[in-house]
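Visitor: Sequence and predicted structure below; questions after.
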Amino acid sequence: MNNFKFSKSKTISKGEFLLNQGEIAKYGFFVKRGCLKSYVIDGTGKERIMQFAPENWMVSDLDSITNKVPSMVFIEAIEESEVLFLSNSDFENISSLEKEVIVEMVNKFRNNLIASNKRIIGLLSSTSEQRYIDFIETYPSLVNRLPIKSIAAYIGVTPEYLSDIRRKIAKK
């Protein structure tokens, strides 16, 4: 992705939003350095993290960018991040790209779809402990980088309960 000719690169500050809920997404984001998160706010005001995007991951609201509908998610930098912005026109010019870049893009999307499917299945059928183990397997580089509050929001438990899960796993 570093050779993607049509992209603009920008350094994003921690806490900066790349997409707000209700906006029409104009870009997909490829993380070169740092970490982004995609999330919603539920009816009780709780943050529900859908996806983390550390180095070499992509994130966007594909429905919004493709169909020009309001985004259902927020995308925010949780660390200072260097991000490539990929517009619809970038994707429309895909035929002019080198084969290696196209293959890399397809692999990134495929891996993102696999991770999303595993996440949905986990939310529907796994215990909190198993969701934490799945988080570790999906995002090994983030286990020690993220605050416990963010990991807890991702797996759908309180930070206190996540601490209990971690202690239980450590004893095994």
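Guide: Nice, I can see it. Residues are numbered from 1 along each chain as shown.

Visitor: Follow the chain on from the helix or strand bottoming out on mean pLDDT in the chain and name the next helix or strand.
Guide: Ranking every helix and strand in the chain by mean pLDDT, DSSP states H and E puts helix 88-92 at the bottom, with a mean of 69. Scanning forward in sequence from helix 88-92 by DSSP states H and E, the next helix or strand is helix 99-125.

Visitor: In the protein, mark out all the strands, start to finish.
Guide: Using DSSP state E, the strands of the chain run over 8-12, 17-19, 27-33, 36-41, 47-53, 58-59, 74-77, 81-87.

Visitor: Pull the CA coordinates from the fifth one and hand them back as PDB.
Guide: Extracted in PDB, the C-alpha atoms of strand 47-53 (Å, rounded to 0.1, in the frame of the first residue of the first chain):
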ATOM      1  CA  GLU A  47     -19.000   3.200  23.300                       C
ATOM      2  CA  ARG A  48     -19.100  -0.100  21.400                       C
ATOM      3  CA  ILE A  49     -15.900  -0.700  19.500                       C
ATOM      4  CA  MET A  50     -16.400  -2.600  16.300                       C
ATOM      5  CA  GLN A  51     -12.900  -2.700  15.000                       C
ATOM      6  CA  PHE A  52      -9.400  -1.600  15.800                       C
ATOM      7  CA  ALA A  53      -7.100  -0.700  12.800                       C
END
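
Visitor: quick one: contacts of that strand?
Guide: With contacts defined as CB atoms under 8 Å, 6 or more residues apart in numbering, strand 47-53 is touched by 29, 31, 35-42, 59, 73, 78, 112, 115-116, 119, 139, 142, 146, 150, 153-154, 156. C-beta coordinates here come from the backbone N, C-alpha and C atoms, glycine included.

Visitor: Is it possible to mark the buried ones in those residues?
Guide: For the contacts of strand 47-53, a burial check counting by 16 or more other CB atoms under 10 Å picks out 29, 31, 35-39, 59, 73, 78, 112, 115, 119, 139, 142, 146, 150, 153-154.
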